[in-house]
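In: missing the sequence, but the structure's below:
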């Protein structure tokens with residue numbers, strides 16, 4: 001390829017040897033999150049709150065297949081809506097809905113009682129134990145080690 005094809009009308013025949021100040025030694029400028037957020041704010045894009053996301057997840061649960069498909073295909077929808085709609089309609093729809101419910105309302109409480117058979121566990125008052133019982137406890141502890 002010739003220089004003209006590479007640079008079109010921006011031909012600089014002097015090059016970096018004669019104009020070393022044109023060399024960008026630090027690479028492309030970084031795009032900071034704060035810069036992107038400022039740009040979005042200037043465009044009128046607002047941050048979604050946790051409550052809004054929770055509400056939208058719970059609303060998605062009530063949508064029909066056709067409504068989800070419309071959202072998925074509607075380019076004016078926020079991307080999160082389109083992605084969630086597509087995920088629900090996909091092969092792992094049930095798993096996606098389960099994750100959405102976990103995020104929106106939390107996982108169900110899972111209690112397992114392994115030792116007390118439902119009775120309240122209380123602190124042991126060692127001062128009320130007999131000397132023989134205390135020796136049994138100490139011997140049992142040492143035999144495990």
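Out: Noted; the coordinates are in hand. It should be emphasised that the depicted structure is a prediction, and the values quoted were computed from it without experimental measurement. Numbers count the residues shown, from 1 in each chain.
In: Nearest the geometric middle of the chain, what residue?
Out: residue 103 (10.1 Å; C-alpha atoms, centre = their mean).
In: ok, for that one, nearest residue in space, not its chain neighbours?
Out: Leaving aside its chain neighbours, residue 103 sits nearest to residue 57 (6.3 Å; criterion: C-beta to C-beta, 6 or more residues apart in numbering). The C-beta positions use only the backbone N, C-alpha and C, and glycine is treated the same way.
In: about what we covered before: ok, now which ones touch the residue nearest to the centre of the chain?
Out: Contacts for residue 103 were tallied using C-beta atoms under 8 Å, 6 or more residues apart in numbering; they are 53, 54, 57.
In: hmm, which of these are the buried ones?
Out: The neighbour count (16 or more other C-beta atoms under 10 Å) marks residue 57 as buried among those.
In: Now render the contacts of residue 103 as TSV, adding distance to residue 133 and secondary structure.
Out: Formatted as TSV, these follow (distance: C-beta to C-beta, whole Å; DSSP: H, G, I helix; E, B strand; the rest coil):
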residue	distance to residue 133	secondary structure
53	56	helix
54	54	helix
57	55	helix
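In: Need the contacts of residue 103 in a markdown table (columns: pLDDT and distance to residue 75).
Out: Below are the contacts of residue 103 laid out as a markdown table (pLDDT from 0 to 100; distance: C-beta to C-beta, whole Å):
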| residue | pLDDT | distance to residue 75 |
| --- | --- | --- |
| 53 | 90 | 21 |
| 54 | 91 | 25 |
| 57 | 91 | 21 |
